[in-house]
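J.: Coordinates only, no sequence provided:
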């Protein structure tokens, strides 16, 4: 791998996928790496010289955001394109997840009515039409990653404010789950089976929390 930017697991098929974005070198095209439990590795190139920036998986559907694009691509684990969603112009998507209703929720830079940038979490239908949106309260936000819980709520990492917050199904703020994190938290994984939340930081640290269910408190596991 040259510049791995995101990682996801397809539990239904026992497969690991890594987005190798190649943001480190200009005019280079990244790829997706597919790894089986036996250790077999397949290099997966996207058409159109696209580099996969981030990804998420629901069942056997892989949702990919290509670098510097306003679209989402949904593939099967066998590399068959299932859906292409064109997002509204002037958006800068960072991460996206697919819901059980086949809508998508996207962390992205959006625009206020005066044209200034603001970070948002928006839900869109299969045609890219906006359904609802959560807007950051100020410009000092960077929603880097998110994960749906079993009830369809969102755990969202805010890298600039060093916290994890919880949105309900209507994309309304429910509570700040973890705050005062260090080192720009960048990635998030929540295990429903163990009740543990893993937060990856930008300087290669991982913090682990015990999370109550439904998520209302989080206690750091000190290691």
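T.: Looks like it arrived, so ask away. Everything quoted here is computed from the prediction, not taken from an experiment. Residues are numbered from 1 along each chain as shown.
J.: shaky segments in this protein?
T.: Low-confidence segments of the chain (pLDDT under 70): 23-27, 138-140, 214, 222-223.
J.: what about 50?
T.: 223 (pLDDT under 50).
J.: okay, which residue is most central for it?
T.: The centroid of the chain falls nearest to residue 95 when counting by CA atoms, centre = their mean (3.6 Å).
J.: who does the host helix or strand of it pair up with?
T.: For residue 95, the element it lies in under DSSP states H and E is strand 92-98. Applying DSSP bridges, strand 92-98 is found paired with strand 104-111 (antiparallel).
J.: So which bits of the partner strand are buried?
T.: 104, 105, 106, 107, 108, 109, 110 (16 or more other CB atoms under 10 Å). Placement of C-beta: from N, CA and C, glycine included.
J.: any chance of those in TSV, with distance to residue 125 too?
T.: Below are the buried residues of strand 104-111 laid out as TSV (distance: CB to CB, whole Å):
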residue	distance to residue 125
104	8
105	11
106	12
107	17
108	15
109	20
110	17
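J.: Correct me if wrong: residue 212 contacts residue 197.
T.: No: taking CB atoms under 8 Å as the definition, residue 212 is not a contact partner of residue 197, at 10.6 Å.
J.: of these two, who's got more company?
T.: Neighbour count, other CB atoms under 10 Å: between residue 212 and residue 197, residue 197 has more, with 23 against 11.
J.: Contacts for the helix or strand hosting the more buried one next, please.
T.: Assigned by DSSP H and E, residue 197 falls within strand 196-201. Contact with strand 196-201 is made by 155, 157, 164, 177-178, 181-191, 206-211, 218, 221, as judged by CB atoms under 8 Å, 6 or more residues apart in numbering.
J.: Would you mind listing which of those residues are buried?
T.: Looking at those with 16+ other CB under 10 Å, the buried ones turn out to be 155, 157, 164, 177-178, 181, 185-190, 207-209, 211, 218.
J.: before we move on, the earlier item: what residues sit buried inside the strand holding residue 197?
T.: Result for strand 196-201 [16+ other CB under 10 Å]: buried residues 197, 199, 200, 201.
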